[in-house]
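> Fold the following, please.
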Amino acid sequence: DIFLTKIKPNGETIWSKRIGSYLNGVQRGIYNENGEGITVDSLGNIYVIGRFHYNTFIDNQIFYAAGTNDIIFLKFNTHGDLQWAKQLGASYNGWGKGIAVDYEGNILLTGDFVGTISIDSHSVTSKPGHWSSFVAKFDSIGNVKWIHKAIPDIGHNYVSNIVVDYQGNCYVTGDFGGGI
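Modelled structure (predicted):
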């Protein structure tokens, strides 16, 4: 399961949340979830990106993976209350990695996938059988603005993190096999 904890500057825990295979305190799924990235916006809202394996339960909602693993993207308020949860479906495999917020409150995500990854009417497809990386932009209420590959298909490539500068440009880093 994924955990989310808010800690005061003095190290004292304010609250903790468990996110994953449990529904009303009872284990419903047998698979795992991973939290991979976290950021906050200027209002104190918390955004988490990660992945889940086959299925997961989040605040009484069930999510089924389109492939083996799918990406989960969550927004919580400063008190730890879930505001919304989004799934990025990967036809074979997906893994959420990095997350950042720009000065306008838009959220930028990055991750890795094999096959096609999609949300709403937006999608990107990897070279057959290869891992590829994506960058996606959402508004503060979770509407997707765009999704693109982070780097052209050059063999396998994986992202590690994303940051945004004051002009709204995003920078992504990771590793790859092949040439650029």
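
> By residue count, what's the longest strand in the protein?
Using DSSP state E, we find that the single longest strand of the chain is strand 61-76.

> I'd like to know which elements the helix or strand just after that strand is packed against.
Per DSSP states H and E, the first helix or strand lying C-terminal to strand 61-76 is strand 82-90. Under the contact criterion of 3 or more CB pairs under 8 Å, 6 or more residues apart in numbering; DSSP states H and E, strand 82-90 touches strand 61-76, strand 107-114, strand 116-119. (C-beta placed from N, C-alpha, C; glycine too.)

> Give the full set of residues in contact with residue 113.
Going by CB atoms under 8 Å, 6 or more residues apart in numbering, residue 113 touches 71, 90, 92, 93, 94, 95, 124, 126, 131, 132, 133, 134.

> 7 Å instead?
90, 93, 94, 126, 132, 134 (CB atoms under 7 Å, 6 or more residues apart in numbering).

> tell me the pLDDT at it?
Note on residue 113: pLDDT of 89.

> before we move on, what about the one 5 residues further on?
Predicted confidence (pLDDT) at residue 118: the value is 86.

> how about the nearest residue to it, chain neighbours excluded?
residue 89 (5.6 Å; CB to CB, 6 or more residues apart in numbering).

> For residue 77, see how far away the one you found is.
Distance of residue 89 to residue 77, given as CB to CB, to the nearest Å: 26 Å.

> Compare these two and say which is more crowded by neighbours.
The residue with more neighbours, out of residue 89 and residue 77, is residue 89; 19 against 12, by other CB atoms under 10 Å.

> So the more buried one sits against residue 116, correct?
No. In this structure residue 89 lies outside contact range of residue 116 using CB atoms under 7 Å: 8.5 Å.
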